[in-house]
Structure formats: C-alpha cells, structure tokens
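Trainee: Test case, fold it:
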Amino acid sequence: MKEKQKKKRNPPWSREELILALELYLRAGLLDDHSPEVQQLSEALKDLAFVQKEDPKVFRNPNGVAMKLANFAALDPNYKGKGLTAGGRLDKEIFEEFFGQQLALATETRLLRAQWQEMKEGDAVAEREEYYEPAIEDQSDQREKVNRAIVLRRGQPSFRKLLLSAYDGKGAITGCNAPDALEGAHILGYRGNFSNKDNNGLLLRADIHTLFDLQLLAVETNDMTCVVDERLMGTEYEELTGKELIVPEEKECRPGRSHLNFHRVNSACG
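Mentor: Numbers count the residues shown, from 1 in each chain. Okay, here's the model as predicted:
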C-alpha cells in the first residue's frame with residue numbers, strides 16, 4: 001500500500017504580498033472569495049510570487065486572500081466583528097506600519113505593482129528572445145550583446161555590488177576572490193527589485209551559481225555547510241560536500257536561514 005504523500009503547506013506570506021492585501025482591505029473592507037477584487041489580487045499574487053509556489057492551484061487562491069483580509073480585520077480597531085485571529089507576526093507589523101498612513105501605503109503599492117509589470121514584460125521579452133536566431137552582425141554589435149548578457153547573468157548591478165561588499169569580494173562557497181568571476185545569486189527566485197535584498201542573496205562563482213540555480217547545490221542550515229547532489233559525485237564539485245559557507249561579518253547581511261531552508265527542501269540534494 002502506497003504511503004500517502006504529505007501535503008506541502010504554502011510558504012508564509014511575504015512583506016510585499018501583505019502590503020498588497022492590506023491595501024485592498026483598507027480600501028474595500030472585508031471581502032469574500034467571490035469578490036472580483038479578491039480574485040484579481042489572487043491572480044496578481046500568483047504572478048508576483050516572491051517565494052516558490054508549492055502548488056499553483058492553491059497558492060494564494062481567492063479563499064486564501066479572503067482569509068488574509070480577515071486576519072487584518074482582527075487587527076483593525078474600527079472593525080466591529082472579530083475577524084480571524086490566527087494571523088502571523090508580520091501581519092501585525094505591516095498593519096501597524098501602514099494603518100493610518102494611506103499615502104505611504106498607496107505609494108508602496110504602486111511601486112510593487114510597477115515592479116510586477118516590469119517583471120512580466122521582462123519575462124515576455126526573454127521568452128521571445130529564446131527562439132530568436134540573430135543575423136550575422138559585426139563584431140562590435142556582437143560584443144555589446146555579450147557584455148549585456150554578462151551583466152544580466154551576474155545579477156542586477158546594485159544587487160551584485162551589495163553582495164560584493166557584504167562578502168568582501170569572496171565567493172560564499174568557494175572563496176573565489178576574482179570579482180569578474182563572481183555573480184549575485186538569488187536564493188529565492190528574482191521577482192522584482194524587492195527581492196534584491198542581501199538576506200536573499202549569495203555571492204557565488206559563476207559555475208557554482210548555475211549549480212545552485214539548478215538545485216544541485218544547497219546549504220544545510222544546521223551547520224551552514226554545502227550539500228552536493230549525488231549526480232555531482234565523482235566530479236570536481238564533490239569536494240564541496242560539507243564545506244562551510246562563508247558569511248558576511250555583518251549579521252543583517254547574512255543569508256536568511258528560512259530562504260536557504262526553502263531552497264534546500266526543494267533542491268535535488270539528498
């Protein structure tokens with residue numbers, strides 16, 4: 001008899017998601033999952049997702065969005081009912097930060113939605129270019145394209161610069177100190193500028209970045225050591241097994257353990 005597979009829980013709501021939900025609650029009040037505005041926000045959050053979706057069918061679905069509005073209702077001194085009191089600590093922090101600060105909330109919401117639109121347009125361009133076969137061009141044009149590709153691969157310049165400073169110019173896993181070979185790697189996938197935070201990044205040598213993105217390398221947070229997938233055994237990367245991660249001296253610049261855990265659980269590493 002097959003053992004019933006344990007259903008994975010959706011990850012906690014991010015700050016960005018909560019801001020968008022709070023904006024809807026303060027603007028429209030408590031809505032149910034049949035509300036068009038709740039359904040629209042649900043679809044937006046699925047695209048905006050800063051964290052990896054475990055199950056797209058239930059991730060931030062209308063029912064989940066409506067429940068989050070009810071969590072905010074429980075914190076609202078002007079709401080006459082009880083709401084849902086099982087909200088998280090971050091719910092309370094976001095509510096206290098923006099309650100009564102409509103202008104700040106509206107500004108933050110517009111910024112997040114603009115970044116979301118920028119992300120969607122960037123994905124569409126990337127998808128079109130994937131199947132584009134360029135004509136033969138002169139060497140200067142080709143070199144310019146190569147340079148642009150390198151910049152994109154290294155990560156957003158400001159994000160990479162942030163990590164180069166935090167890690168003192170050394171790769172987090174290999175200790176490589178050649179800046180030209182180092183890239184800014186997102187632990188959780190890039191979803192707009194709000195994901196360019198040092199606790200969501202690692203400074204990695206280019207090849208290590210590729211393996212990390214392919215989830216063939218991960219970090220065990222119990223002792224902050226490198227875990228290597230069995231498919232890399234017998235290669236030069238096997239020697240990275242158990243290698244201690246180099247972390248920034250500044251605590252606030254260190255990679256988030258929850259981010260690393262999420263990547264580790266979803267990786268191919270045993």
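Trainee: Give me the pLDDT for Gly189.
Mentor: On the pLDDT scale, Gly189 is placed at 63.
Trainee: Lowest-scoring secondary structure element of this structure by mean pLDDT?
Mentor: Ranked by mean pLDDT, DSSP states H and E, the weakest helix or strand in the chain is helix 139-154, scoring a mean of 48.
Trainee: ok, then the element right after it?
Mentor: Using DSSP states H and E, the helix or strand that follows helix 139-154 towards the C-terminus is helix 157-166.
Trainee: Strand partners (parallel or antiparallel) of the following helix or strand past that following helix?
Mentor: For helix 157-166, the following helix or strand on the C-terminal side (DSSP H and E) is strand 182-186. Applying DSSP bridges, strand 182-186 is found paired with strand 201-205 (antiparallel).
Trainee: and the very next helix or strand once past the strand it pairs with, C-alpha only, in CSV?
Mentor: Going down the chain from strand 201-205, the next helix or strand is helix 206-213, by DSSP H and E. Provided in CSV are the C-alpha atoms of helix 206-213 (Å, rounded to 0.1, in the frame of the first residue of the first chain):
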residue,chain,number,x,y,z
ALA,A,206,29.6,31.7,-12.0
ASP,A,207,29.6,27.9,-12.2
ILE,A,208,28.5,27.5,-8.6
HIS,A,209,25.7,29.9,-9.3
THR,A,210,24.5,27.7,-12.2
LEU,A,211,24.5,24.6,-10.0
PHE,A,212,22.8,26.4,-7.1
ASP,A,213,20.0,27.6,-9.5
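Trainee: For helix 206-213, what is the distance to the chain centroid?
Mentor: Taking Cα atoms, centre = their mean, to the nearest Å, one finds helix 206-213 lying 17 Å from the centre of the chain it belongs to.
Trainee: again, but for stretch 17-24
Mentor: Centroid separation for stretch 17-24 versus its chain: 17 Å, with Cα atoms, centre = their mean.
Trainee: okay, that stretch in CSV with CA atoms only?
Mentor: Listed next in CSV are the C-alpha coordinates belonging to stretch 17-24 (Å, rounded to 0.1, in the frame of the first residue of the first chain):
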residue,chain,number,x,y,z
GLU,A,17,2.2,40.3,-0.6
LEU,A,18,0.9,41.5,2.7
ILE,A,19,1.2,45.1,1.7
LEU,A,20,-1.0,44.5,-1.4
ALA,A,21,-3.5,42.6,0.7
LEU,A,22,-3.6,45.4,3.3
GLU,A,23,-4.1,48.0,0.6
LEU,A,24,-7.2,46.1,-0.6
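Trainee: Mind listing residues that contact it?
Mentor: Contacts with stretch 17-24, where a contact means Cβ atoms under 8 Å, 6 or more residues apart in numbering, come from 13, 31, 37-38, 41, 44-45, 48, 50, 60, 65, 68-69, 72, 90-91, 94-95, 98, 105-106, 108-109, 112-113. (Glycine included, C-beta is placed from N, CA and C.)
Trainee: Name only those of the residues you listed that count as buried.
Mentor: Neighbour counting by 16 or more other Cβ atoms under 10 Å classes 13, 31, 38, 41, 44-45, 48, 50, 60, 65, 68-69, 72, 91, 94-95, 98, 105, 108-109, 112 among the contacts of stretch 17-24 as buried.
Trainee: Just the ones of those in helices?
Mentor: 38, 41, 44-45, 48, 65, 68-69, 72, 91, 94-95, 98, 105, 108-109, 112 (DSSP state H).
Trainee: Any stretches of the chain with poor pLDDT?
Mentor: Counting by pLDDT under 70, the chain has low-confidence residues at 1-9, 47-57, 115-156, 189-197, 270.
Trainee: repeat that for 80
Mentor: Scanning the chain for pLDDT under 80 picks out the ranges 1-11, 46-58, 86, 111-159, 188-199, 266-270.
Trainee: how about Arg254, what does it touch?
Mentor: Per Cβ under 8 Å, 6+ apart, neighbours of Arg254: 198-199, 247-248.
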